[in-house]
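Undergrad: Build me a model:
(2 chains)
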Protein chains: 2
Amino acid sequence: MKEFELIDRLTRSLPSNECVITGPGDDCAVLDLGITDRLLLFKTDAVVEGIHFEPGTPPAKVGHKALGRCLSDIAAMAGTPSAALITLALPPGFDAKYLEELYGGISVLAKRYNVAIAGGETISNPGPLLISVSLLGWVTRGKALLRSGAVPGDAIFVTSELGGSLMGKHLEFEPRLAEASWLREHFPIHAMIDLSDGLAGDLRHVLKASAAGAELLATAVPISREARRAAKAAPTAKPALVAALTDGEDFELLFTVPSRDAVSLLDSWKKQFPKLPLSCIGKITSGKEITIRDQHGLRPLTVHGYEHFA
Amino acid sequence: MKEFELIDRLTRSLPSNECVITGPGDDCAVLDLGITDRLLLFKTDAVVEGIHFEPGTPPAKVGHKALGRCLSDIAAMAGTPSAALITLALPPGFDAKYLEELYGGISVLAKRYNVAIAGGETISNPGPLLISVSLLGWVTRGKALLRSGAVPGDAIFVTSELGGSLMGKHLEFEPRLAEASWLREHFPIHAMIDLSDGLAGDLRHVLKASAAGAELLATAVPISREARRAAKAAPTAKPALVAALTDGEDFELLFTVPSRDAVSLLDSWKKQFPKLPLSCIGKITSGKEITIRDQHGLRPLTVHGYEHFA
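TA: Purely as a prediction, here's the structure:
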């Protein structure tokens, strides 16, 4: 991880200019190019065979994941996606059918959210298949939801159920664009992020950006059926709650709102999105750490989970 | 090349939307996001170790090339670059000094043209080092210079001297941003492209987009010192003129203007850019092919050169 910390440091000292509202370190870059009522969102994300998907994965799902990850980042800022460029780095010997299905998966998702695939590039790669997506979107000026707005006392919400995404969901998830836009329009959301590194890790990003802490309630964390099944399947597997807290690639939304809005938000949500669970999992604190409360008391939560039998 | 033709076909049938003015097939995508007086330019381009640069290349030069290629495409539309995202796919075992120098090369060039590096991503790559750059720029509405505007009778110009770029220039070239903006402001440029595939190949892109042909004058093609030197160094080497016509990665501008403007353009250019040669190399015709005239007469030019001893 030392390399990646270095890159983080290097990236933060790179040149900026007058158009950059939010640079490295949030879900998307936010740019002001002089549109009266809008800011631009700019995002890039890559998937690599053997790292982000296994060889043998149906190519349409690979395409879905490649574009979907970027769309999820636009959702995390409560933005609207607009146009994408696709960079394909192809190992030798690729066949036509694979490429057609890959672009097919990208196309179906792009059409669903009215995203133009405005071009891109294909290069030969002596390494594995790599797909890099650049996505441009926009958000109403002053309405971008950043990681940095969480305030002590805020209620913390997550959409859907968490954990076990690698059992399938990571290739089929639906970016929460409609939900994020609805939230932005109807409630005073303070901070938002999409869950890609795991709840504990992504919440930590929000807390770092907001200079705050959080207290979670173990029984309130929504656990996916896949995480429960995996926990039962092998005695050495992660407990289901730990999976929900630490597994990556859920691509759900985590956001905070003032606690006084929590109940009405839950009520409105159920009417608006009756099929998608929404859970209040805890609150923002004035501390620096994440703690989790279960039947044994309150203890620290790390990105690797917590000492649940301490 | 069959794969790449397929990709070309697949890419052109991907979803579009109302914001796309120019999609796949020009130097950049041109997007209308509702800015009164401007259109957005959106470009992505990748370099891979072993293909676009050799192992052992000084990392600052690799960084320069990675960003410079995208800047050259913005120049080819007569645009102004604004913000970039950098995707690094890193093989295992990268050292800090290499990365610092790589970002250093990117930074120096970015600062020179007031380009913000607004973020990006670093991933592990089991393959070679790959650097993908996404660049956003803008151009005054109605002023983007496309490949498609060439008209029979136009004079064809190229900047600098061509050929032999792989001997060093491909890692050090200067994107012609200032020159392209000046041209756009002062002359009725009909079509423009940057030379990345070689003069013959890139001129062909212009002709295809413009449904026209071209006639070049062999003695007018500006040949670089490197191309001349390489031609002399080995009896089996490309003749210098063929190198100037077919070598890739010159990153110079090729553009067309009405012939009545050719002389005044050359005069003004010499005052504005005294150190950068500009050559009128021929004219656009109503044919479909490129022909080249030398002391033996007129003959067809292909992307591989021409039969100069026919």
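Undergrad: The residue of chain A positioned farthest from its centre: what secondary structure?
TA: Ranking residues of chain A by C-alpha distance from their mean position (Cα atoms, centre = their mean) puts residue A:93 at the top, at 33.2 Å. Reducing the assignment to helix, strand or coil with DSSP: H, G, I helix; E, B strand; the rest coil, the entry for residue A:93 is coil.
Undergrad: Distance check, it against residue A:244.
TA: 40 Å (Cβ to Cβ, to the nearest Å). (Glycine included, C-beta is placed from N, CA and C.)
Undergrad: What of residue A:176?
TA: With the distance defined as Cβ to Cβ, residue A:176 ends up 17 Å from residue A:244.
Undergrad: Which positions are bridged to the nearest residue to residue A:31 once chain neighbours are set aside in the beta structure?
TA: Closest residue to residue A:31 in three dimensions, ignoring its sequence neighbours and counting by Cβ to Cβ, 6 or more residues apart in numbering or on different chains: residue A:40, at 4.3 Å. Legend: beta-bridge partners of residue A:40 under DSSP bridges are residue A:31, residue A:138.
Undergrad: Do you know the pLDDT at residue A:40?
TA: Predicted confidence (pLDDT) at residue A:40: the value is 95.
Undergrad: OK, contacts around it?
TA: With contact set as Cβ atoms under 8 Å, 6 or more residues apart in numbering or on different chains, residue A:40 has these partners: A:30, A:31, A:32, A:33, A:136, A:137, A:138, B:33, B:40, B:136.
Undergrad: ok, 6 Å please
TA: Taking Cβ atoms under 6 Å, 6 or more residues apart in numbering or on different chains as the contact definition, residue A:40 lies against A:31, A:33, A:138.
Undergrad: picking that back up, residue A:47 versus the residue farthest from the centre of chain A, what's the distance?
TA: With distances taken as Cβ to Cβ, residue A:93 is found 20 Å from residue A:47.
Undergrad: Over to residue A:256?
TA: On the measure of Cβ to Cβ, residue A:256 and residue A:47 end up 29 Å apart.
Undergrad: what's the answer for residue A:238, then?
TA: Residue A:238 sits at a distance of 24 Å from residue A:47 (criterion: Cβ to Cβ).
Undergrad: What of residue A:265?
TA: For residue A:265, the distance to residue A:47 equals 33 Å [Cβ to Cβ].
Undergrad: for residue A:7, same thing?
TA: Counting by Cβ to Cβ, the gap from residue A:7 to residue A:47 is 18 Å.
Undergrad: same question, residue A:282
TA: 31 Å.
Undergrad: Show me which of the two is the more surrounded one.
TA: Set side by side, residue A:282 and residue A:47 give different neighbour counts by other Cβ atoms under 10 Å in any protein chain shown, the larger being at residue A:282 (25 against 21).
Undergrad: State the phi and psi torsions of the more buried one.
TA: Backbone torsions for residue A:282, taken as degrees, to the nearest 10, come to phi 160, psi -160.
Undergrad: Can you tell me the closest non-neighbouring residue to it?
TA: The spatial neighbour of residue A:282 that comes closest, neighbours along the chain excluded (Cβ to Cβ, 6+ apart), is residue A:216 at 3.7 Å.
Undergrad: Then that neighbour would be within a strand, right?
TA: Yes - when three-state DSSP is applied, residue A:216 is found to be in a strand.
Undergrad: Test my guess that it contacts residue A:281.
TA: Yes - using Cβ atoms under 6 Å, residue A:216 makes contact with residue A:281 at a distance of 5.4 Å.
Undergrad: Now for the residue nearest in space to the middle of chain A: which residues touch it?
TA: The residue lying closest to the centre of chain A (Cα atoms, centre = their mean) is residue A:194, at 2.5 Å. Each residue near residue A:194 by Cβ under 6 Å, 6+ apart is listed here: A:72, A:76, A:251.
Undergrad: List the contacts of the second one.
TA: Neighbouring residues of residue A:76 by Cβ under 6 Å, 6+ apart: A:27, A:192, A:193, A:194.
Undergrad: Just the closest residue of the stretch 1-150 of chain A to chain B, please.
TA: Among the residues of the stretch 1-150 of chain A, residue A:127 lies closest to chain B, at 1.3 Å counting by Cβ to the nearest Cβ.
Undergrad: Count the residues that sit near the nearest residue to that residue once chain neighbours are set aside.
TA: Counting by Cβ to Cβ, 6+ apart, the nearest residue to residue A:127 once its immediate chain neighbours are dropped is residue B:127, at 1.3 Å. By other Cβ under 10 Å, the residues close to residue B:127 number 21.
Undergrad: Would you confirm that residue B:127 contacts residue A:130?
TA: No - between residue B:127 and residue A:130 there is no contact, the gap being 7.4 Å when judged by Cβ under 6 Å.
Undergrad: what's the pLDDT at the closest residue to chain B within the stretch 151-300 of chain A?
TA: Using Cβ to the nearest Cβ, the point where the stretch 151-300 of chain A gets nearest to chain B is residue A:196, with a distance of 11.3 Å. What the model reports for residue A:196 is a pLDDT of 93.
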